[in-house]
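1. output the structure for:
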Amino acid sequence: MSTVQVSPTGPQLVVNDQTPYARLVPGPGAGDRETEVYRFAVRHGEIASFEVAAAHLGLPVTQVFGAITRLVELRLLRTAGDRLVPVAPEAAAASLVSPIERAMYERRELADRLRDRIDAITRPETGTAEPVGGIDGFEGVAEIRGLFKLASETCRKELLILRPSHHDEELLDSLLDPCYAALDLGVSVKVACPHRSRAGFASRAKARRLIEHGAEIRTLSYLPQAAVVFDQSLTVMVNLPGPDEEPTARRIRDRGVVQYLVNLFNQLWEGAAPFTTEPGYADTTDSLHQSIARLMAEGLTDDVVARRLGMSVRTCRRHIAVLLRDLDSVSRFQAGVHAASRFTISSRPGA
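-> I've put the predicted structure just below:
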């Protein structure tokens, strides 16, 4: 447990790594004092005296002391000489949660190795085919991030990422973020993502940082599934949730399934457009129009087309208007059929 001790020189931090993590998650309504004290520390840049902080906040010193102790345990305050200074929430969360995520994955990995060992010992000598690799499940952000973190740390050659659109982009990025640590190990990282990644400022900025660190990024109109392949030997497929649901993942080590996903990735990669940091869809117009044409020919509404392609309805309608004008069509259906004939049919192999 981490504690704060008072000395003549100011508050002192004593850290014990055996902090009972469950105790740091209070029930509903708790944590108001911690919030007030943390905001005070952020406003002033430090807490040099419990008494001064208590006077500013109008709270008893004992309550301020208790709140500071819990903030230290949550890594939201740290010592700097004789003061306590605030820590950014992202850094605090990484410091506190990362060991938990890693431990969860390592326990699961140990269980898998023990199971494989037992299978190897008890497998009959003859008359049976070689067993296929295992497929096992993970649930929740912490387990999935822990899985990605250790798998990335042991990846040596190549990491392939399929990153589709999702209504909760922050959740998806949070799950996949540990994978990008492989860039620091000199691993080749390829990311296939939707064209909409070119439109948002935040997504372009993130892509620019990844490219600067050595990642290759290409975009497509549509990606149906989030998946990551490590060294062509391990695949993790992620099922993204709806509202109020936990994400789940399947770790797959079967060689046939992994190779199939590698081949699928390579095929998608060949037809994808290299990512550029310029905003908009200028470099992907033909690909987008082909996808829009195909969906229009199916009789889908603008809203459904936009949702399928992960773009705004307004942007989608702008592209549809261009198609209608270029094809000189008098109706949506006619434009869809003409465009499908122009793009989809003529672009089939062997046509």
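2. and the helices in this protein?
-> Along the chain, the segments classed as helices by DSSP state H run 32-44, 50-57, 61-73, 89-122, 141-154, 169-176, 201-212, 255-270, 285-297, 302-309, 313-327, 332-339.
3. adding mean neighbour count, mean pLDDT and distance to P224, write the ones you listed out as CSV.
-> For every residue, glycine as well, the C-beta is placed using N, CA and C. Output for the helices of the chain, formatted as CSV (neighbours: other Cβ atoms under 10 Å; pLDDT from 0 to 100; distance: least, Cβ to Cβ, whole Å):
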stretch, mean neighbour count, mean pLDDT, distance to P224
helix 32-44, 17, 90, 41
helix 50-57, 16, 90, 52
helix 61-73, 19, 88, 42
helix 89-122, 13, 73, 26
helix 141-154, 20, 88, 19
helix 169-176, 16, 88, 14
helix 201-212, 14, 85, 19
helix 255-270, 14, 90, 10
helix 285-297, 21, 70, 13
helix 302-309, 18, 77, 10
helix 313-327, 16, 76, 18
helix 332-339, 19, 61, 22
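4. would you turn those helices into TSV with distance to L162?
-> Listed next are those as TSV, based on distance: least, Cβ to Cβ, whole Å:
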stretch	distance to L162
helix 32-44	38
helix 50-57	49
helix 61-73	38
helix 89-122	21
helix 141-154	13
helix 169-176	10
helix 201-212	15
helix 255-270	7
helix 285-297	17
helix 302-309	16
helix 313-327	23
helix 332-339	27
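5. ok, and the closest non-adjacent residue to G140?
-> Distances taken as Cβ to Cβ, 6 or more residues apart in numbering put E246 closest to G140, at 5.0 Å, once the chain neighbours are dropped.
6. phi first, then psi, for the one you found.
-> Main-chain dihedrals, E246, degrees, to the nearest 10: phi -90, psi 140.
7. for it, the count of nearby residues, please.
-> If you count neighbours by other Cβ atoms under 10 Å, E246 ends up with 11.
8. wait, doesn't it sit right on F138?
-> No - judged on Cβ atoms under 8 Å, E246 makes no contact with F138 at a distance of 10.0 Å.
9. quick revisit: Q225 is nearest to which of the helices of the chain?
-> helix 255-270 (9.3 Å; Cβ to Cβ).
10. roughly how far out does that closest one sit from the chain middle?
-> On the basis of Cα atoms, centre = their mean, to the nearest Å, helix 255-270 sits 21 Å off its chain's mean C-alpha point.
11. again, but for stretch 300-319
-> 24 Å.
12. likewise for stretch 316-330?
-> 35 Å.
13. got the CA positions of it in CSV?
-> Below are the C-alpha coordinates for stretch 316-330, written out as CSV (Å, rounded to 0.1, in the frame of the first residue of the first chain):
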residue,chain,number,x,y,z
CYS,A,316,-21.9,10.3,-48.6
ARG,A,317,-24.6,12.4,-50.3
ARG,A,318,-21.9,14.7,-51.8
HIS,A,319,-20.3,11.7,-53.4
ILE,A,320,-23.7,10.4,-54.6
ALA,A,321,-24.3,13.7,-56.2
VAL,A,322,-21.0,13.5,-58.1
LEU,A,323,-21.9,10.0,-59.3
LEU,A,324,-25.4,11.2,-60.5
ARG,A,325,-23.8,14.1,-62.4
ASP,A,326,-21.0,12.1,-63.9
LEU,A,327,-23.3,9.3,-65.1
ASP,A,328,-26.0,11.6,-66.3
SER,A,329,-28.6,9.5,-64.5
VAL,A,330,-32.2,10.5,-63.9
